[in-house]
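Chemist: Model the structure of this input:
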Amino acid sequence: LHVVKNGLTTGTTTGRVNGMEPFTRVYDEYGVEGTSMQVSVLPYGDANAFLHPRDSRFIVLDRNGRIFGMLTKGAGATNRTDYVMPY
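Modeler: The predicted structure follows:
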């Protein structure tokens with residue numbers, strides 16, 4: 001499944017959902033633990049990453065313009081895997 005987003009830092013980028021099987025990520029930020037169900041998104045084409053950290057909380061659309069989900073924190077420039085909470 002191909003997806004697209006227009007982020008504050010990276011502008012418009014496309015990606016592909018790496019399977020629709022959601023998995024659980026556990027956060028421990030600022031001493032607060034949280035759990036969320038997410039799917040992974042890989043950059044598509046020549047892009048180095050689907051999102052930059054300042055692109056978090058942007059909406060991701062499928063290729064038909066429907067809301068697919070919301071971006072959460074990326075894994076970093078060396079990993080190239082980013083995460084979306086499905087809608």
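Chemist: Relative to its centre, which residue of the chain is most distant?
Modeler: For the chain, the residue at maximal distance from the C-alpha centroid (CA atoms, centre = their mean) is Gly31, at 23.4 Å.
Chemist: what's the distance between it and Thr72?
Modeler: Distance of Gly31 to Thr72, computed by CB to CB, to the nearest Å: 19 Å. The C-beta positions use only the backbone N, C-alpha and C, and glycine is treated the same way.
Chemist: One more: Ser56?
Modeler: Ser56 is 6 Å from Thr72, where distance means CB to CB.
Chemist: what do you get for Pro43?
Modeler: 16 Å.
Chemist: what's the answer for Asp62, then?
Modeler: Separation of Asp62 from Thr72 (CB to CB) stands at 17 Å.
Chemist: Can I get stretch 55-69 in PDB? Just the C-alpha atoms.
Modeler: The C-alpha coordinates for stretch 55-69 follow below in PDB (Å, rounded to 0.1, in the frame of the first residue of the first chain):
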ATOM      1  CA  ASP A  55       7.100  15.800  10.800                       C
ATOM      2  CA  SER A  56       5.600  13.800  13.700                       C
ATOM      3  CA  ARG A  57       1.800  14.000  14.200                       C
ATOM      4  CA  PHE A  58       1.100  14.700  10.600                       C
ATOM      5  CA  ILE A  59      -1.700  12.900   8.700                       C
ATOM      6  CA  VAL A  60      -0.800  10.200   6.200                       C
ATOM      7  CA  LEU A  61      -3.100   9.600   3.200                       C
ATOM      8  CA  ASP A  62      -3.500   6.600   1.000                       C
ATOM      9  CA  ARG A  63      -3.200   7.100  -2.800                       C
ATOM     10  CA  ASN A  64      -6.900   7.700  -3.100                       C
ATOM     11  CA  GLY A  65      -6.700  10.600  -0.600                       C
ATOM     12  CA  ARG A  66      -8.300   8.800   2.300                       C
ATOM     13  CA  ILE A  67      -6.800   9.200   5.800                       C
ATOM     14  CA  PHE A  68      -4.600   6.200   6.500                       C
ATOM     15  CA  GLY A  69      -3.300   7.300   9.900                       C
END
